[in-house]
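# Below is the sequence, then the predicted model.
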Amino acid sequence: METTLKNQIKVGIFLVLGIVITMGSIFMLGANKALFSNFTHLYADFENVQGLARGSVVSLSGVVIGNIEAIDFVPEKNLLRVNMKIENDYLRRVFKGSEVEIRTQGALGDKFIYIIPGDPRAEAIKDGDTLPIAKSTDILNVISERGKETEKIFDIINEVYKLTKTLNHENHIGTMVANMSQASRDFKIISEKSLKIVSDFSDGKSPSVQMKASIDKLNNILGKIDRGEGTLGALVNDSSLHDQLKALVGGSQRKNHVKSLMRTSIEKD
């Protein structure tokens, strides 16, 4: 009887130890702890951690490389310093020039640190280094940082909405579309007629009666000028008339003619 009791006690002790060891292992794995890993601490200073908390994930290009160990206020500055515990196995992938930013993951909006890798040719980050903050790409952060400019954008959107609502309510859009469609059809007709006229000329076809009459009159006038008929023809073909006209208009020649006339009149007297 005593032997049976002792055996039961031993079995109970081993069972309790097994449960404790199993629960401890599950806890360590669930907390994302590596029993035999070495860690390095990196830092980043934020104006606003946006709900970031201890234990949040630190990711490098989508790979989890550590966790946030602490978030503390920076003395004499309006900043919050985030202490990141990074596994040494991944530290060699974080180079000088790498930047950090706060991102959101999952449907619940959990915050985490995302490290943007730097130039692989640069020197590797060392324990205790502080990483610079990347320029925010979150639309909500951009809106909050550029409040006045964002208000102008929303004002413009509101005005465009009012305009489109008014046009749609009074059926102006339909009228404008109909007018544009009619103008397009008219322009097409004019273009087709113009192309037909040009095509007729290029093919040697006879043009319209009015256009043919105008061309005949122009050819008749040019022919008379070329033959020296009329005043314009005489001016064009007779060089003496051209010289006399130039003499009458020109300054020095005109003076010589006046002097000659005066001399002639005096001699006659």
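Okay, I see it. Nothing here was measured: the structure is a model prediction, and the numbers come from that model.
# Tell me the bridge partners for A44.
Beta-bridge partners of A44, counted by DSSP bridges, are V82.
# For stretch 38-57, what does the pLDDT average out to?
Computed over stretch 38-57, the mean pLDDT rounds to 89.
# Quick one: end-to-end length of that stretch, please.
Distance across stretch 38-57, first residue to last, is 17 Å (Cα to Cα, to the nearest Å).
# what's next to it, contact-wise?
Counting by Cβ atoms under 8 Å, 6 or more residues apart in numbering, stretch 38-57 makes contact with 31, 64, 66-71, 74, 77-88, 91, 94, 100, 102, 105, 110-113, 125-133, all of which sit outside it. Placement of C-beta: from N, CA and C, glycine included.
# Return the distance of M23 relative to Q182.
As judged by Cβ to Cβ, to the nearest Å, M23 and Q182 stand 83 Å apart.
# Looking at the record's assignment, how would you partition the chain?
1-31, 39-137, 146-204, 206-257 (automatic domain parsing).
# what ranges do the strands span in the stretch 101-250 of the chain?
Along the stretch 101-250 of the chain, the segments classed as strands by DSSP state E, counting those that start in this stretch run 110-116.
# Show the buried residues in the contacts of stretch 38-57.
Buried by 16 or more other Cβ atoms under 10 Å: 66-68, 79-82, 84-87, 91, 94, 100, 102, 111-113, 125, 131, out of those.
# now, which of those residues lie within helices?
In helices, defined here by DSSP state H, the members of the buried ones among the contacts of stretch 38-57 are L91.
# Compare the mean pLDDT across the domains of the chain and name the weakest.
Averaging pLDDT over each of those puts domain 206-257 lowest, since it has a mean of 62.
# right, and G118 touches A124 too?
No - at 9.6 Å, G118 does not count as touching A124 under the criterion of Cβ atoms under 8 Å.
# what touches both of the two?
94-96.
# Closest to D186 out of those residues?
The shortest approach to D186 among the shared contacts of G118 and A124 belongs to F95, at 66.3 Å (Cβ to Cβ).
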